[in-house]
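# With the input below, show me the fold.
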Amino acid sequence: MMKSIAPNTEVRLAVSQCFRTLSTSTDNKSIIAALQTLHSHLDEGPESKTTSEFRRAHFTRTLQFLVSNIQADWLRSLTAAQRTELWDGLFLRGPPEQALLVLMEGIGELRPSTNLNHLVSITERFLQSGRLADLLWSYCLEAGASDSPQLRETLLGRIVSLPDLTANKLHPNNRPLFLPQQYYPLLAKEMLAALEKTCQALKDGTDCSLTFVAQTLGKLCIQGHSGLVLAVMAPRLSVCTHSDMVWQRVCWKLLENVPQRWMESVLTRLVQVISGPDALGRIIGNLVLTNKKAQYVITHKLLLLQYKYETQVLRTVLGYLASDRDRRPLLLQVLQSVSQAWANPSAVKHTPLEQQLYVSKALLLCVSLLKDSELQELRSELLQCMLGGMQSHLDSSVVRIRRMGMVVGECLSSRIDINGTKLKFEYEQDEETQELLSLMTPVTGDEPELESANRVSSPQEINEVISSTQNTSSQNKSKTAPSKTDPDSDLDSDDELTPYDMSGDQEMNEASAPRYLRDCLETLISSEDAVRVELSLRVAEGLVRKNVFATREISVQLTKVLLHMEDKYNINGFLTLRQTTMVALTVTDCIPVTQYLTTEFYSLNYSLRQRLDILEVLALAAQELSKPITGNRDLSLGVAATTDVTPYPGDNPVHWRQVVEKRIQSKTKRLSKGAVQPPAKATPNRYAPVAGHFFFPLLRNYDKPQVTFDLLGSDHLVLGRLIHTLGLFMHLAVNAPIAAHMGRSLLDFVWAVRYHVDQMVRRGVLFAVCSVFLSMPSQNLLADLSDQLFETRTWLADVAEGDPDADCRNLAVQSLVLLDKSLKKQLQDPQALSLES
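Numbering: from 1, shown residues only. Purely as a prediction, here's the structure:
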């Protein structure tokens, strides 16, 4: 019994004697001998019983004793070399986990001083000398570690939060190594070193445990440092697992040992930084089959709940599921869930547009990865998804959603290929549609690995590249040079006549344009000659603006003809010519034409396109009436409409003077520029007296459904445009006497549809509310709408926080700002408050 206790007692007595010597002795030699004795217990080798006992029971107490006596006189008596070797060396040679805990505890307790700087320097050397790798490797070797879970959790916290702890203590004198941008990549390299030692140990037949390394990785990722850590680890793991099966098994075990509560943060960052699906498969293996949390994240959360990732993440995740036979059932399961989400009408109405685009990309990628046999099994489900989803998307009033449905429908029909029939839509090509179409082409293989991409080229390779580019350019020059000296390419000396400019020539027509507005009307009503109809349509606007009295006689009749007119002759710019003429008629003879259009808006037997045309004409006419009249605008419009000949610049004698003057003004620099033009002359607002004729008739019959027109039902596209047009009328009526009455009526109208399922209607409602707050005087807001303002403000706050559409949220925020500004202005005006009271 005495023999087994003797080594422990010997070490304890030796350590106690060293502590007494360091505490009481003033002899420099005795102090050095005591420190050397402490070092000797670390020099006898790890197999020594005294060394193991000292590491287990006395090393932490020794370091704590040194930190508590850091201000002692005997430490000052040592030379710099002796202090570095004997005092600092104890922190850098023993068990690294104990040394790190003592160092961090000392840094937290000491006040700013040279002693604190000393401990910080030792910690810096601790990190630079690879002690973190030794710490991680020691836990890899001890599969059944004797430390308690509380101690391990404390150690994890110190390792992961070291930059935060040092920043709180040392700010603003923190060391660069302790900054997150340097510390976490260093920690990632130390973890890679520990993994490399693990691989070598496994090849030598030694058992290892990766639990602590996996816990460290998980805690780093959950605290928000996954980008810095995995940006270093993922490329290296991808390279190492490319041809080494042991590395693959180590990576699989590493991910399996990550705690469940941290699994999501590790995987979400890993799929973003990895080079491709093959590399992801080598690193995580079949983790989705053995870990329910990983399966949920990979197959559901990354695809259906989150939509902030790039398309490459979708390629990586879905390619990973498709690359292995055991994982392909999960790909089919993902395809079913994604197709259901894409075809869900409620999702089309209530989810953000960005999420719908993300789900569409996932659907196309899933379909592109299917095999022919799998496609045959799922053909009926895909067909049902295509038909239902296309109907939901095409019913939307948002152009991007409709275009998205067209593109996905085309791609699905081409992949399903039912009896050789494929859908084909006409839509405008943009970057979004091109990206969706490109997803049907599978990308083979991973991207180039990071090491090969970042490899520095040798001088010989650089010279070869330069010489090859020079040879290519010289070959191109040799090919193009003969064209300059070829005698056959020269023009004959006699053929030096310059060609005559015929760009202004026009095709001569037998029919002539009508000169009177009534002739134009008769042609549009009764003529079957396409040329005469086109000429009449082109000169109609100019004749309307030029002949005001003649226009007022037939304005309503001509408006009726244009409203019902169809493009039977495929006239170039037909819709624009028809619309501008109707706008000119509304501006010239405002009240009769406006009464006719607003009445016909709710009449029977009109298509949705015609009702939308009425709203567009009224909106453009109101905008033109609200602008001031310029000098020769009407005359210039009439002349430009009656002639198609481009005037020659030399015909205007002032033209060259204006050009020269503009050039002088652009080249002249002035320190200050005064008023170069007289102030604009005040002109009456032509829209204010007639604003009620535009606004109130459109509020008459909105709640009366008809056979072909249900404004509050299925025709939500027209409802959204109507509300937006009313908001525009309200905005243009600023400072008009009728603005307060219009604002109250508009708020009453839009309040019933503020929670409409269609986002275009909600946008129109919010735009109308903004227009009311902009156009109504602040005193009227507080006096006439005091009962509604509180409820309106609460509703706007809810929309700004929770509406799925980004534009609706922005408009709600703008409305809140305008409302608060108006109320603040009114409440700060004592005269207004006294009048109200």
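# and the gap between the residue nearest the centre of the chain and Val813?
By Cα atoms, centre = their mean, the chain has its centre lying nearest to Lys308, at 6.6 Å. With the distance defined as Cβ to Cβ, to the nearest Å, Lys308 ends up 21 Å from Val813. Every C-beta, even on glycine, is put in place using the N, C-alpha and C of the backbone.
# Please report the confidence value the model assigns to the residue nearest to the centre of the chain.
pLDDT, Lys308: 92.
# And for Ala740?
At Ala740, pLDDT is 88.
# In which helix or strand does it reside?
helix 739-751 (DSSP states H and E).
# tell me the SS of the residue nearest to the centre of the chain?
coil (DSSP: H, G, I helix; E, B strand; the rest coil).
# Let me see the contact set for it.
By Cβ atoms under 8 Å, 6 or more residues apart in numbering, Lys308 lies in contact with nothing.
# In terms of pLDDT, where does the nearest residue to Phe601 once chain neighbours are set aside sit?
Leaving aside its sequence neighbours, Phe601 sits nearest to Ile614 (Cβ to Cβ, 6 or more residues apart in numbering; 5.0 Å). Looking at Ile614, its pLDDT reads 95.
# swap in Ser52?
pLDDT, Ser52: 78.
# Tell me, how many residues neighbour it?
By other Cβ atoms under 10 Å, the residues close to Ser52 number 16.
# Work out for me the element it sits within.
helix 49-53.
# What's the first helix or strand after that helix?
helix 59-68.
# and that following helix, how far out from the chain's middle?
Distance of helix 59-68 from the chain centroid (Cα atoms, centre = their mean, to the nearest Å) equals 52 Å.
# cool, stretch 211-230 as well?
Here stretch 211-230 is found 25 Å from its chain centre; the criterion is Cα atoms, centre = their mean.
# tell me which residues of that stretch are tucked away?
211-222, 225-226, 228-230 (16 or more other Cβ atoms under 10 Å).
# What of stretch 29-45?
Those would be 31-32, 34-35, 38, 41-42, for stretch 29-45 by 16+ other Cβ under 10 Å.
# do the same with stretch 561-574
561-563, 565, 574.
# go on, stretch 57-70?
Applying 16+ other Cβ under 10 Å to stretch 57-70 flags 58-60, 62-63, 65-67, 70 as buried.
# Quick one: mean pLDDT for that stretch?
87.
# what's the answer for stretch 387-403, then?
Stretch 387-403 comes out at a mean pLDDT of 89.
# okay, and for the stretch 451-600 of the chain, where does confidence drop off?
Applying pLDDT under 70 to the stretch 451-600 of the chain flags the ranges 451-497, 500-510.
# Which stretches in the stretch 51-200 of the chain count as helices?
With DSSP state H, counting those that start in this stretch as the criterion, the stretch 51-200 of the chain has helices at 59-68, 73-77, 80-82, 89-93, 96-109, 114-128, 131-141, 149-160, 162-170, 180-203.
# okay, those in TSV with distance to Leu436 next?
Listed next are the helices of the stretch 51-200 of the chain as TSV, based on distance: least, Cβ to Cβ, whole Å:
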stretch	distance to Leu436
helix 59-68	61
helix 73-77	70
helix 80-82	68
helix 89-93	58
helix 96-109	52
helix 114-128	48
helix 131-141	45
helix 149-160	41
helix 162-170	42
helix 180-203	36
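# Go through those helices and name the closest to Gln826.
helix 162-170 (47.5 Å; Cβ to Cβ).
# quick one, the closest one and helix 131-141 angle?
With axes from the mean of the first three to the mean of the last three Cα atoms, to 10 degrees applied, the angle from helix 162-170 to helix 131-141 works out at 140 degrees.
# can you tell me the average pLDDT over helix 162-170?
On average, helix 162-170 scores 92.
# Which positions in it come out as buried?
162-163, 166, 169-170.
# For it, enumerate the helices and strands it packs against.
Contacts defined by 3 or more Cβ pairs under 8 Å, 6 or more residues apart in numbering; DSSP states H and E place helix 162-170 against helix 96-109, helix 114-128, helix 180-203.
# Pull out the buried residues from the second one.
By neighbour count with 16+ other Cβ under 10 Å, helix 114-128 contains the buried residues 116, 118-120, 122-123, 126-127.
# Tell me who's in contact with the residue lying closest to His716 once chain neighbours are set aside.
Spatially, and ignoring its direct neighbours in sequence, His716 is nearest to Asp758 (4.3 Å; Cβ to Cβ, 6+ apart). Contacts for Asp758 were tallied using Cβ under 8 Å, 6+ apart; they are 349, 396-397, 716-717, 719-720.
# same thing with Leu132?
96, 126, 159, 186-187, 190.
# Most neighbours among the residues you listed, please name it.
That'd be Leu187 among the contacts of Leu132, by other Cβ under 10 Å, with 26 neighbours.
# Val258 touches Gly218, doesn't it?
Yes. Between Val258 and Gly218 a contact is recorded at 4.4 Å, counting by Cβ atoms under 8 Å.
# tell me, what's touching these two both at once?
What both Val258 and Gly218 touch, as defined by Cβ under 8 Å, 6+ apart, is the set Val266.
# for this protein, where's the lowest mean pLDDT among helices and strands?
Lowest by mean pLDDT, DSSP states H and E among the helices and strands of the chain is helix 633-642, with a mean of 39.
# circling back: quick check: the two most widely separated of the contacts of Leu132?
Longest span within the contacts of Leu132, Cβ to Cβ: Pro96 and Leu186, 14.4 Å.
# what residues does stretch 344-354 touch?
The contact list for stretch 344-354 (Cβ under 8 Å, 6+ apart) reads 307, 341, 356, 359, 388, 392-393, 395-396, 398, 400-401, 757-759, 804-806.
# Make a ChimeraX selection of the buried ones in these.
Of the contacts of stretch 344-354, the buried ones go into a single ChimeraX selection, burial set by 16+ other Cβ under 10 Å:
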select :307,341,356,359,388,392,393,395,396,398,401,758,759,804,805
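# Out of the contacts of stretch 344-354, list just those in helices.
Those of the contacts of stretch 344-354 mapping onto helices are 341, 356, 359, 388, 392-393, 400-401, 759, 806, per DSSP state H.
# Widest-spaced pair of those residues?
Gly388 and Ala806 (26.1 Å).
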